[in-house]
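Student: A structural model of the following input is requested.
(one chain, ligands or ions: 3)
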Amino acid sequence: MTSTWLAVPADHPFGIGNLPYGVHTTTEDPAPRIGVAIGDHVLDAGAVAQATGSDHAPVLSAADLNPLMAAGRAVWTTVRAEITAWLTDTAYRREVEANLTPRQDVAMRLPFAVGDYVDFYASENHARNIGRIFRPDAEPLTPNWKHLPIGYHGRSGTVVVSGTDIVRPSGQRKAPADAAPTYGPCLRLDIEAEVGFVVGTPTQMGTQVPLSAFRDHAFGVFLVNDWSARDIQAWEYVPLGPFLGKSFATSVSPWVVPLDALAHAWVEPPARDVEPLPYLDDRAGEPGGLDLAIEVALNGHTVSRPPFRTMYWTAAQQLAHMTVNGASLRTGDFYASGTVSGPEVDQRGALIEITWNGREPVKLPDGSTRAFLEDGDEVVVTATAPGPDGTRIGFGEVAGRVVPTRG
Ligand SMILES: O=C(O)/C=C/C(=O)CC(=O)CC(=O)O
Ligand SMILES: [Ca+2]
Ligand SMILES: [Mg+2]
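Tutor: Ligands and ions are numbered 1, 2, ... in the order given. The predicted model follows:
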């Protein structure tokens with residue numbers, strides 16, 4: 001087992017087997033720069049690369065992860081091996097110790113410059129629940145659902161890092177019984193606990209990313225909260241899909257866990273009960289599911305534990321589908337899995353499902369109840385995955401507090 005000379009407990013979620021990348025600042029040095037989380041510290045990766053004369057100092061000294069992500073799989077692997085060496089070989093002790101900051105003393109930025117943003121709809125449990133709530137008289141799964149990973153293009157300019165306040169959106173809302181829509185603050189503000197995948201290696205227009213090339217293009221994994229205004233969404237979404245009910249904000253966790261840290265987390269996805277077209281057929285080859293255990297807390301109280309391994313469509317299938325028409329990928333494009341919901345009520349990734357459209361509010365320890373989010377509420381989504389030797393790979397958290405509308 002690999003071990004670090006730093007005093008990091010073997011079971012730490014940011015142990016030597018993880019080494020997630022982020023972008024941080026400190027009060028002494030407000031310039032955004034790449035950090036690697038190790039235990040309760042952040043290592044200034046660019047500073048160590050320069051101090052040790054690393055060939056990778058240029059990509060590690062950037063203000064975001066994009067140059068490193070653009071460099072491709074071979075560089076990702078050697079950079080990870082190099083950072084592992086810094087933390088396991090005492091020869092680097094002086095350079096490392098000079099560039100460690102306690103994690104509580106850094107501020108985190110968006111880890112990468114976001115290109116395009118796509119959100120999928122890949123949990124069968126979520127899709128069935130939402131179908132029953134939004135379209136009670138129709139089949140919950142649309143006829144296309146098991147043939148392709150359904151998605152939509154979201155708004156990349158409103159992707160924010162964990163900790164950013166979320167202003168309650170305003171817009172048109174119309175309940176089925178209302179004669180006409182009204183304008184005002186969203187009354188049914190919700191969350192969606194999701195997992196994000198960021199593209200490193202870009203592609204040319206007119207080319208596709210087959211399932212087998214997923215690991216050459218996907219750089220890493222992080223957590224997403226796709227804030228959702230259910231009243232705005234329910235009125236506007238027909239027939240083109242989510243729009244202003246989603247575009248006001250999407251929060252992401254600051255630490256990008258490299259795919260190389262997830263070698264112990266791959267699992268078989270659910271059985272494919274409809275034969276996939278060849279470009280989506282993942283029934284042979286490496287398993288494409290990921291065994292992330294997610295937790296959703298509302299004002300410090302756990303309301304759900306969504307199991308990511310239950311997702312019907314995998315990240316590799318989503319990337320293959322996103323490019324099957326020849327659409328190109330840019331470094332920094334990211335896509336979210338879709339709301340992660342398991343089969344049980346306390347495994348659902350959105351309040352609309354947990355409370356069944358508000359009919360069964362959740363009870364909080366302070367005696368209050370919630371159908372949807374109130375101003376001042378804070379939502380924190382966390383996750384871990386299996387790591388080497390029984391350890392857990394931590395994803396940190398994506399947190400956000402709702403603040404009153406300004407419109
Ligand atoms: O109309 C519907 O069926 C619902 C769509 C969504 O809520 C879109 C979405 O964000 C999907 C997801 O996160 O799984
Ligand atoms: Ca979503
Ligand atoms: Mg959103």
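Student: How about residue 392: what's its closest non-neighbour residue?
Tutor: residue 384 (4.2 Å; Cβ to Cβ, 6 or more residues apart in numbering). Every C-beta, even on glycine, is put in place using the N, C-alpha and C of the backbone.
Student: ok, now how distant is the one you found from ligand 3?
Tutor: According to Cβ to the ion, to the nearest Å, residue 384 and ligand 3 sit 24 Å apart.
Student: and that residue, what element?
Tutor: Using DSSP states H and E, residue 384 falls within strand 378-386.
Student: List the buried residues for that strand?
Tutor: 379-386 (16 or more other Cβ atoms under 10 Å).
Student: Tell me the helices and strands packed up against that strand.
Tutor: Helices and strands touching strand 378-386, by 3 or more Cβ pairs under 8 Å, 6 or more residues apart in numbering; DSSP states H and E, are strand 218-225, strand 293-298, strand 392-403.
Student: winner for burial among those strands?
Tutor: strand 218-225 (a mean of 27; mean count of other Cβ atoms under 10 Å).
Student: what residues does the next helix or strand after that one touch?
Tutor: The helix or strand immediately downstream of strand 218-225 is strand 228-229, counting by DSSP H and E. Residues outside strand 228-229 that contact it (Cβ atoms under 8 Å, 6 or more residues apart in numbering): 169, 171, 186, 188-192, 242, 244-246, 248, 350, 352.
Student: Recalculate using a threshold of 7 Å.
Tutor: Strand 228-229 has contacts (Cβ atoms under 7 Å, 6 or more residues apart in numbering) with 169, 171, 186, 188-190, 192, 245-246.
Student: before we move on, back to that, wait, doesn't the residue nearest to residue 392 sit right on residue 396?
Tutor: No: Residue 384 lies out of contact with residue 396 (Cβ atoms under 7 Å); the separation is 9.9 Å.
Student: thinking again about what came up before, of the buried residues of strand 378-386, which is the nearest to residue 107?
Tutor: residue 380 (17.3 Å; Cβ to Cβ).
Student: I figured the closest one was touching residue 401, is that so?
Tutor: No: applying Cβ under 7 Å as the test, residue 380 and residue 401 come out as separate, 9.7 Å apart.
Student: Pull the contacting residues for the closest residue in space to residue 162 that isn't next to it in sequence.
Tutor: Spatially, and ignoring its direct neighbours in sequence, residue 162 is nearest to residue 398 (4.5 Å; Cβ to Cβ, 6+ apart). Neighbouring residues of residue 398 by Cβ under 7 Å, 6+ apart: 162, 223-225, 251-253, 381.
Student: same thing but 8 Å
Tutor: Contacts for residue 398 (Cβ under 8 Å, 6+ apart) come out as 162, 222-225, 251-253, 380-381.
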